[in-house]
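Engineer: Have a look at this fold, sequence not included:
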């Protein structure tokens, strides 16, 4: 049966070989064995149960936590020519009955359902009709996990009711304690564990101090306007404020949190999945189960509460295997807030221990990937070369005198003040925290005024990590000295500190080169978007970015060649092959712009016109002529004025023209200036479009 699985892997999914652990898991399920698969997001968990479902007699029942994503998962299977359906509370009774009929007559190879809907479905299931149970996001069944959900507890009865049906439990984030608990809760003691590497080599890992975050985010997003990404915030208000600020700067962003109406959340999620909204600013309520493959970056605006959450959230980027960036902001204020949440939780000790580990990761001065993987029991010794520490290793200096100043200040403050007050005293701050208590009179006042606030805070955290200072979080975060501090103060113990480099952006030149997008790739992406709109499914269901990159490299000319492209199975080759092949052939036939055309004596507008006639894009003309696109659009307006058959409505809609003209009339400005109009639209409409709108609307 394994040979059959290999054939179906190519036929339906367009892959020539299994990823690590997939073959072993498929083989176990085909033999009727229970399995637990710990595989990173994007590691191919779904194939592990989808392939056996195509081979075994009966229907595979897949239990997934989010009903809002089941349609996308089913659409993806149907796009590959596989019969699948979903059963949940969002459906009408007629739709649910249709799925039940499909179970009875075994016309469905897979059925997705939520744990809350399982009780309704169970009476219609028996061992003759079911081939396996697959439980996605299985960490939700464990109180040791980071996202416990009570509805998952009932899944423990499946093994009692269906003792001979294999159960496959999958998750991307489970430490050893959670893994054992999953096996125990699901009553599958004989289950074989398959633990894939947690190493997502394509993800760039970076942590920055949480100061001046918004300017850093703007710099980070500078060349990413059309890329999909998620920004995670701790609070609902934080998501809304940040989304508003991004929109005011010309980015398309939507806030997502549990306080929104279900319909609103669903619409935001759909817009993101369908590439209509590139940026979502969200609480942790967003993202679980999203299969969107072309998320290119993740930002954590606040420190996550544990490494599992962080790993799962960054794992939503780069699922297609192409390079992706992750950025976490780390601040002492976040630690204090998360500690308070942890101390109020029912499993306080567990949550505090997990918070301490994410702190250690954020404060690491050596390869972050080594620190991250070690949490999940995977030990590597070689630096990864793809994190901020590896790209720009810290430089150490003799920090003994600075440490002595800090320790002395803590001592003179009676070891009763938090880090913020200690820093204020050392930097000579003139605020009520200092003056009301007379701290401006102590000897250490102003001794470190030459060190910036954020730098001094980070140095003190290093001292904490080295065991020189301790933080009493349960006592309002006061700093106290350890016995090691006495050695520093009185026994000439030397201290090395890492220089704080407040980076505006990391050294990502190699990343940018790897992720550069060609003109052909943009054309392929545009065609993919057109097809996705026609079929009313997310673009990644048609093909992911990795498939488009493979097309770009292979340049297939026939359907026999197209089916060799990564992710192209028989169904997709039959449905889409001819359209992508035709586009590739047209692109190859487009000759480079002759140098004689660029340098002849014609007017600059005439040269643009001749190139337009040859089918060159605005971007290509601008690139080849070494002009700004804004200039080329200006040529088009002039050409239209001169009577050339230029269709300006390819570049601007009638609605946009109406809005521009209406805005112009409402602005009290007699001069023929575009700046007031540009400001009126919050700088979101470029000057060339304003000029074109006024030309078409007022003439």
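Structural biologist: Structure's in. What do you need? Just so it is clear, the structure is predicted and the values come from calculations on it, not from any experiment.

Engineer: Where does the prediction get shaky in this protein?
Structural biologist: Counting by pLDDT under 70, the chain shows low-confidence ranges at 42, 68, 143-148, 285, 287-290, 473-474, 501-517, 590-602, 668-672.

Engineer: Give me the domain ranges for it.
Structural biologist: 2-195, 203-391, 396-498, 519-589, 598-697 (automatic domain parsing).

Engineer: Endpoints of the first one, how far apart?
Structural biologist: Read that as domain 2-195. Start to finish, the residues bounding domain 2-195 are 20 Å apart (CA to CA, to the nearest Å).

Engineer: now residue 245: how far from residue 454?
Structural biologist: The gap separating residue 245 from residue 454 is 21 Å, by CB to CB, to the nearest Å. Yep, even glycine has a C-beta here, placed from its N, CA and C like the rest.

Engineer: residues near residue 603, how many?
Structural biologist: Neighbourhood size, residue 603 [other CB atoms under 10 Å]: 12.

Engineer: how about the longest helix belonging to the chain: buried residues?
Structural biologist: Determined from DSSP state H, the single longest helix within the chain is helix 570-589. Judged by neighbour count using 16 or more other CB atoms under 10 Å, the buried positions of helix 570-589 are 570-573, 576-577, 580-581, 583-584.

Engineer: Take those residues and lay them out in TSV including distance to residue 215.
Structural biologist: As requested, the buried residues of helix 570-589 are exported to TSV (distance: CB to CB, whole Å):
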residue	distance to residue 215
570	50
571	47
572	43
573	47
576	43
577	46
580	41
581	46
583	40
584	41
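
Engineer: Which of the residues you listed sits closest to residue 526?
Structural biologist: Comparing these against residue 526 with CB to CB places residue 583 closest, at 8.9 Å.

Engineer: how far away is the closest one from residue 431?
Structural biologist: Remark: distance between residue 583 and residue 431 (CB to CB) = 63 Å.

Engineer: what does residue 660 give?
Structural biologist: Distance, residue 660 to residue 431, by CB to CB: 49 Å.

Engineer: Then residue 183?
Structural biologist: 55 Å.

Engineer: Between those two, which is the more surrounded one?
Structural biologist: Between residue 183 and residue 431, residue 183 has the larger neighbour count (other CB under 10 Å), namely 19 against 9.

Engineer: can you tell me how far the more buried one sits from residue 568?
Structural biologist: Distance check for residue 183 against residue 568: by CB to CB, it reads 37 Å.

Engineer: before we move on, what about residue 127?
Structural biologist: Relative to residue 568, residue 127 is positioned 36 Å away (CB to CB).

Engineer: now residue 360, nearest residue through space, not along the chain?
Structural biologist: residue 371 (7.0 Å; CB to CB, 6 or more residues apart in numbering).

Engineer: just checking, what packs against the helix or strand hosting that neighbour?
Structural biologist: Per DSSP states H and E, residue 371 falls inside helix 368-375. Applying 3 or more CB pairs under 8 Å, 6 or more residues apart in numbering; DSSP states H and E, we find helix 368-375 packed against strand 203-209, helix 307-314, helix 348-362, helix 388-391.

Engineer: Quick one: distance of the first one to the chain centre.
Structural biologist: It refers to strand 203-209. 13 Å (CA atoms, centre = their mean, to the nearest Å).

Engineer: quick one: buried residues of it?
Structural biologist: Quick answer for strand 203-209 (16+ other CB under 10 Å): 203-209.

Engineer: so where do the helices sit in the stretch 551-699 of the chain?
Structural biologist: Assigned by DSSP state H, counting those that start in this stretch, the stretch 551-699 of the chain shows helices spanning 559-562, 570-589, 595-599, 604-613, 618-625, 629-641, 654-666, 675-680, 687-697.

Engineer: Tell me which other helices or strands the first one touches.
Structural biologist: In this case it means helix 559-562. Judged by 3+ CB pairs under 8 Å, 6+ apart, helix 559-562 is in contact with helix 570-589.

Engineer: Off-centre distance for the helix it packs on?
Structural biologist: 30 Å.

Engineer: Span of stretch 224-236 from start to end?
Structural biologist: Start and end residues of stretch 224-236 are separated by 25 Å (CA to CA).

Engineer: what sits up against it?
Structural biologist: 217, 221, 239, 242, 250-251, 253, 255, 257-259, 272, 275, 278-284, 286-287, 292, 294-302, 304, 313, 316-317, 334, 337-338 (CB atoms under 8 Å, 6 or more residues apart in numbering).

Engineer: Would you write out the ChimeraX command that picks the buried residues out of these?
Structural biologist: Buried residues within the contacts of stretch 224-236, by 16+ other CB under 10 Å, are selected in ChimeraX with:
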select :217,221,239,242,251,253,255,257,272,275,278,279,280,281,282,283,284,286,287,292,294,295,296,297,298,299,300,301,302,304,313,316,317,334,337,338
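
Engineer: Just the contacts of stretch 224-236: which are in strands?
Structural biologist: If you go by DSSP state E, those have 253, 255, 279-282, 295-300 in strands.

Engineer: Identify, from these, the entry nearest to residue 44.
Structural biologist: Using CB to CB, the ones in strands among the contacts of stretch 224-236 come closest to residue 44 at residue 295, 16.8 Å.

Engineer: how near is the closest one to residue 553?
Structural biologist: According to CB to CB, residue 295 stands 22 Å off from residue 553.

Engineer: Then residue 455?
Structural biologist: Counting by CB to CB - residue 455 and residue 553 are separated by 46 Å.

Engineer: and if you look at residue 280?
Structural biologist: 31 Å.

Engineer: could you pull out the helices for the stretch 51-200 of the chain?
Structural biologist: Taking DSSP H, counting those that start in this stretch, the helices of the stretch 51-200 of the chain run over residues 70-79, 93-104, 118-121, 158-161, 176-185.

Engineer: so which of those gets nearest residue 664?
Structural biologist: Nearest to residue 664, of all the helices of the stretch 51-200 of the chain, is helix 70-79, at 42.5 Å by CB to CB.

Engineer: contacts for that closest one?
Structural biologist: Here helix 70-79 has contacts from 46, 50, 62, 64, 83-86, 88, 110, 112-114, 273, 291, 535, 537-538, 541-542, 571-572, 575, using CB under 8 Å, 6+ apart.

Engineer: Among those, which are located in strands?
Structural biologist: Residues from these lying in strands, with DSSP E as the criterion: 62, 84-86, 110, 112-113.

Engineer: Between all of those residues, which two are separated the most?
Structural biologist: Going by CB to CB, the pair spanning those furthest: 84 and 113, at 11.7 Å.

Engineer: Give me the buried positions along stretch 399-415.
Structural biologist: Residues of stretch 399-415 classed as buried: 399, 402-411, 413 (neighbour count, 16+ other CB under 10 Å).

Engineer: and if you look at stretch 258-277?
Structural biologist: 260, 265, 268-269, 272-277.

Engineer: Please tabulate these in CSV and include distance to residue 450 as additional columns.
Structural biologist: Below are the buried residues of stretch 258-277 laid out as CSV (distance: CB to CB, whole Å):
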residue, distance to residue 450
260, 47
265, 49
268, 47
269, 49
272, 46
273, 51
274, 53
275, 49
276, 50
277, 46
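
Engineer: Quickly note the distance from residue 623 to residue 480.
Structural biologist: Counting by CB to CB, the separation of residue 623 from residue 480 is 62 Å.

Engineer: More neighbours: residue 455 and residue 553, which one.
Structural biologist: Shown here are residue 455 and residue 553; by other CB under 10 Å, residue 455 has more neighbours (17 against 10).

Engineer: Just give the nearest non-adjacent residue to that one, would you?
Structural biologist: Computed as CB to CB, 6+ apart, the closest residue to residue 455 that is not its neighbour in sequence is residue 500, at 4.4 Å.
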